[in-house]
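this one's structure only:
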């Protein structure tokens, strides 16, 4: 854990929430308890934001379930693609039937040379890649094992894939990817992470996935922590006013830059080591909500 930190003496006006393994339960959905309490905070003027490795499209189900009044001038700020993009979701008070507008605050895709290296690596090693372009995820699965991994990710996020037949070349010609995922079996993920770091670690940010059946490749300057920094700059919020919750390796910088970084009880040890504190509850127990309720009771939250 961080040393000599007086995080508990501050008052916070924003929470930044990772999704899988943090805000969402083991079934990868948000609970009714969490929806009710986050609406309570939002309605009092506390800023609730999301920061996830997921694509922009795969955050909309959670946003819809939150049912925040999207006519609010702040909307719902969302850092996605592990910090490669930030958007502000705004619209009518009924996100299910009204018009929803998405404003992109920034976007930093994977460079062409890195993309070609990753695609070449995956082809050589027999892995399948997910290529993120806009709201679509492209894949070129060749084996039943590939298709099972693709389906597992679809089940996790609720997003379907677009199959391409030309080794991703047509989509690459249209647009660079926000991020790339190399999918693999869980017992291979550490080896694949190491191999990619050795091959292109100086040119890209390589992140072990959570759940651990994929490895993420991002622009070398992109991480969730930098994404939250840029989001706060755009919103006029100081980093010391932010409390962040996370559980996976992609949350390390995110936890470090926040005024108060909290690792979930179920977090990886690498995250707990850099956190200001470790939550006494897991995501299966709605640990985020229990901790925020405790902070509100202790008058550590403030409202704009």
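Yep, that arrived. Since the model is a prediction, treat every value here as computed from it, not as a measurement.

ok, now which ones touch the residue sitting nearest the centre point of the chain?
Geometric centre of the chain, nearest residue: residue 52, 1.0 Å, by CA atoms, centre = their mean. Shown in contact with residue 52 (CB atoms under 8 Å, 6 or more residues apart in numbering): 18, 19, 20, 59, 78, 79, 80, 82, 224. The way it works is simple: take the backbone N, C-alpha and C, and place the C-beta from them, glycine included.

kindly report the same for residue 46.
So residue 46 contacts 13, 14, 15, 301, 302, 303, 304 (CB under 8 Å, 6+ apart).

where's the dip in pLDDT among those?
Lowest pLDDT within these is found at residue 304 (76).

filter the contacts of residue 46 down to the buried ones, PyMOL style.
Typed into PyMOL, the next command selects the buried ones out of the contacts of residue 46 (criterion: 16 or more other CB atoms under 10 Å):
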select buried, resi 13+14+15+301
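
farthest-separated two in the contacts of residue 46?
Greatest spatial distance among these (CB to CB): 15 and 304, at 13.0 Å.

what is in contact with these two at once?
46, 47.

what is the nearest of the contacts of residue 46 to residue 210?
Nearest member of these to residue 210, counting by CB to CB, is residue 15, at 19.7 Å.

mind listing what residue 247 touches?
18, 21, 22, 210, 263, 264, 266, 267, 268, 271, 283.

try it again at 6 Å.
21, 22, 264, 266, 267 (CB atoms under 6 Å, 6 or more residues apart in numbering).

pLDDT wise, what is the closest residue to the fourth one other than its chain neighbours at?
With sequence-adjacent residues excluded and distances taken as CB to CB, 6 or more residues apart in numbering, residue 266 is closest to residue 282, at 4.1 Å. Predicted confidence (pLDDT) for residue 282: 98.

repeat that for residue 136.
So residue 136 comes in at 93 (pLDDT).

for burial, what's the neighbour tally of it?
Using other CB atoms under 10 Å, residue 136 has 15 neighbouring residues.

now do residue 161
When neighbours are counted by other CB under 10 Å, residue 161 comes out with 18.

list the contacts of it.
137, 139, 150.

if we can go back for a sec, quick check: phi and psi at the residue nearest to residue 266.
phi -100, psi 180 (degrees, to the nearest 10).

what sits against it?
264, 265, 266.

against residue 112, how distant is the second one?
This means residue 265. 41 Å (CB to CB, to the nearest Å).

report the contact partners of the closest residue to residue 272 other than its chain neighbours.
Among residues not flanking residue 272 along the chain, residue 263 sits closest, at 4.5 Å (CB to CB, 6+ apart). Counting by CB under 6 Å, 6+ apart, residue 263 makes contact with 271, 272, 275, 278.

burial of the second one, as a residue count?
When you say that, I think you mean residue 272. That count, for residue 272 with other CB under 10 Å as the rule, works out to 18.

please apply the same query to the third one.
Per other CB under 10 Å, the neighbour tally for residue 275 reads 26.

my read: it touches residue 260, true?
No. Using CB atoms under 6 Å, residue 275 is not in contact with residue 260, being 9.0 Å away.

overlap in contacts, those two.
Joint contacts of residue 275 and residue 260 (CB under 6 Å, 6+ apart) do not exist.

just for the protein, where's the confidence low?
1-9, 70-74, 91-100 (pLDDT under 70).

ranges for the strands of it?
14-17, 47-51, 76-80, 85-91, 100-107, 128-133, 136-139, 162-163, 180-183, 204-208, 214-219, 242-246, 260-263, 277-278 (DSSP state E).

in a markdown table, list those along with distance to residue 254.
Output for these, formatted as a markdown table (distance: least, CB to CB, whole Å):
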| stretch | distance to residue 254 |
| --- | --- |
| strand 14-17 | 7 |
| strand 47-51 | 6 |
| strand 76-80 | 9 |
| strand 85-91 | 13 |
| strand 100-107 | 16 |
| strand 128-133 | 19 |
| strand 136-139 | 22 |
| strand 162-163 | 29 |
| strand 180-183 | 19 |
| strand 204-208 | 11 |
| strand 214-219 | 13 |
| strand 242-246 | 6 |
| strand 260-263 | 7 |
| strand 277-278 | 15 |
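
right, and those - which one's nearest residue 295?
strand 242-246 (7.2 Å).

can you pull the buried residues of the closest one?
242, 243, 244, 245, 246.

good, we can wrap up now.
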